[in-house]
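Q: Build the 3D model from these lines:
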Amino acid sequence: MKISRFKTTLVDVPLQKPIATAIHQIKSTGCVLLELETDQGLVGESYVQTLNAVRLDALQQMLLGFAHQVEGRDPHFVADIWRNIWHEMNPIGHKGFSIAALTAIDTACWDLVGKAAELPLHKVFGACREQVKTYASGGLWLSQSIDGLVEEAGQFIEDGFRGMKIRLGKPAIADDVARVRAVRDAIGPDIELLADANQSLTVKHAIRLGRELEQFNLVWFEEPVVYHDHRGCAAVRAALDTPIAAGETEYTRYGMRDILEAAAVDVLMPDLQRIGGLSEMRRVAAIASAHEVPISTHLFTEHSLCIAGSEANCISVEHMPWNQALFNENMELSEGMIAIPERPGTGFSFDKEAIKRFSV
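A: Below you'll find the predicted structure:
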């Protein structure tokens, strides 16, 4: 089997309504879709994204710049393809769009490997579970009123979630505490509640806020400080009983290693796009396991499920619905758990009509 065509498509998927975190204003996700067609008729699919479609053309050009590394290659040589791209990107650096391009190519190759074997990828990798815990992440934004938070929290429970994440980052600690209290009172003690400050706080502010939030039994306090301040994050972790989660904004196993060596997190949150694909995500899971730290994947829910189904220390995946309209298949949610798909490859395929609708 050889890869005979390298095809990219640009789409811009609007959110149901604009949202805000402490550091983001988001109205859409712009995606570069990658299709690797083979001489046997199989197609490997993946995507990477930018918020609000900003610099989407640049991301596409980065992908196209590595096309020569896969055209004419057998996708089963995914490890060699990954290594060659890694070496080629040295002059431009191993972060940013170069890693995003590597992620798209690596994930599409693995999708082909699974399809060729007629197996879901979690079984190709070595399966450890059939379903995984998730939490609703597509709501409870900083831009919402308290009444809006309470209403949406109730809807998440009706939809089958048993956990949800609220965003923090108001200037006054009392305001963040009031928002968390309202949601906790609405959902009761048995629904899991997570909180995300989106890197918006100073160390001292994060510690003061974290101490106020201890009473609400949070699953974790996510990205309390700017992502590169590993020492600061470690200081917050040392001061609080609530577990600290971070890692989504760092790149590759080397960024994850630095976080782990700084003892900055209780839960590591690798992001598929910034990690460097499924190959590197598996390496990161192994590194985290050696530090006795669990992982919980960030965004890219559909394509991260094969990792959750094959890495024993993956305790959950983030349920983010932003790009679900791009796929023919739906994620299967029941009682707070998502089923690991049994379909070949990643288990998800692009909806051609949706692509036409969202095409840039």
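
Q: How many residues are close by Ala286?
A: Residues lying near Ala286 (other Cβ atoms under 10 Å) number 12. Just so you know, the C-beta spots here come from the backbone N, C-alpha and C atoms, and that holds for glycine as well.

Q: just the one 3 residues further on next, same as before
A: Neighbour count for Ser289, taken as other Cβ under 10 Å: 15.

Q: buried set for stretch 108-123?
A: Neighbour-count burial for stretch 108-123 flags 108-116, 119-123 (criterion: 16 or more other Cβ atoms under 10 Å).

Q: Equivalent analysis for stretch 229-239, please.
A: Asp229, His230, Gly232, Cys233, Ala234, Ala235, Val236, Arg237, Ala239.

Q: Please flag which of those sit within helices.
A: Among these, the members falling in helices (DSSP state H) are His230, Gly232, Cys233, Ala234, Ala235, Val236, Arg237, Ala239.

Q: Redo those as CSV? Include pLDDT and distance to Phe6.
A: Converted to CSV, those look like this (pLDDT from 0 to 100; distance: Cβ to Cβ, whole Å):
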residue, pLDDT, distance to Phe6
His230, 98, 37
Gly232, 98, 42
Cys233, 98, 39
Ala234, 98, 42
Ala235, 98, 46
Val236, 98, 44
Arg237, 98, 43
Ala239, 98, 49
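
Q: and the residues you listed as JSON lines, adding distance to Gly277?
A: Below are those laid out as JSON lines (distance: Cβ to Cβ, whole Å):
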{"residue": "His230", "distance to Gly277": "24"}
{"residue": "Gly232", "distance to Gly277": "29"}
{"residue": "Cys233", "distance to Gly277": "25"}
{"residue": "Ala234", "distance to Gly277": "28"}
{"residue": "Ala235", "distance to Gly277": "32"}
{"residue": "Val236", "distance to Gly277": "30"}
{"residue": "Arg237", "distance to Gly277": "29"}
{"residue": "Ala239", "distance to Gly277": "35"}
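
Q: returning to what we had before: what's the most distant pair in the buried residues of stretch 108-123?
A: Ala108 and Lys123 (18.6 Å; Cβ to Cβ).

Q: Relative to Ser304, how far out is the nearest residue to Arg231 once chain neighbours are set aside?
A: Closest residue to Arg231 apart from its sequence neighbours, by Cβ to Cβ, 6 or more residues apart in numbering: Ala262 at 6.2 Å. Here Ala262 is placed at a distance of 24 Å from Ser304 (Cβ to Cβ, to the nearest Å).

Q: any idea where the helices of the stretch 251-360 of the chain begin and end?
A: For the stretch 251-360 of the chain, applying DSSP state H, counting those that start in this stretch gives helices covering 252-261, 272-275, 277-290, 301-308, 352-358.

Q: Fine by me, thanks again.
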